[in-house]
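>>> Take this sequence and fold it.
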Amino acid sequence: MRLAKIILAGAMLTVISSAALAQQAMTGTATVIDRMNGSITIQQVQSGTVGSNNGGATERFKIQSKLLDAVHAGDKVTFSVNEADDAKTITKIDVQ
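Next up is the predicted model:
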C-alpha cells in the first residue's frame, strides 16, 4: 500500500510540474496569421546561444479568434501555450 502511495505522489508531481511548464511565457515573432483556420505561426526567440544568426524554431499554434484580432505578421509577441490532446493552443498573447 505504501508503494502505491509513493507512485501516486510521484505521478501527481509530474502532472503538476508539466502543467506549470505548459504555461511558461515564451517570446517570438508572428510570421503567419491564418484567421480562417484560427492558427498562428510563431518563430520563437532562440536563447542561450551567443553568435548564432539563425532564428529559433518556427511552430504553428491554435488560437481563439478574439486573441488573434490584435496580432499581425511581423509583430513581436509574448505568449503562453497550453498543450492538450497533442494540440498546442495559445491561451494568452501580448504584442510587444
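
>>> alpha carbons only for contacts and neighbour counts from here, please
OK.

>>> Compute the number of surrounding residues for Ser65.
Ser65 is flanked by 14 other residues according to other C-alpha atoms under 10 Å.

>>> That one is in contact with Asn37, isn't it?
No. Between Ser65 and Asn37 there is no contact under C-alpha atoms under 8 Å: 9.2 Å.

>>> What count of nearby residues applies to the residue nearest to Thr29 when sequence neighbours are not counted?
Leaving out its chain neighbours, the residue that sits closest to Thr29 by C-alpha to C-alpha, 6 or more residues apart in numbering is Lys76, at 4.4 Å. Lys76 is flanked by 20 other residues according to other C-alpha under 10 Å.

>>> which residues touch Lys76?
By C-alpha atoms under 8 Å, 6 or more residues apart in numbering, the residues touching Lys76 are Thr27, Gly28, Thr29, Ala30, Val95, Gln96.

>>> ok, Lys88 touching Phe79?
No. Counting by C-alpha under 8 Å, Lys88 stays clear of Phe79, with 11.8 Å between them.

>>> how about the nearest residue to the most centrally placed residue in the chain, chain neighbours excluded?
The residue lying closest to the centre of the chain (C-alpha atoms, centre = their mean) is Val81, at 3.2 Å. In this structure, Val81 finds its nearest non-sequential neighbour in Ile90, 4.4 Å apart by C-alpha to C-alpha, 6+ apart.
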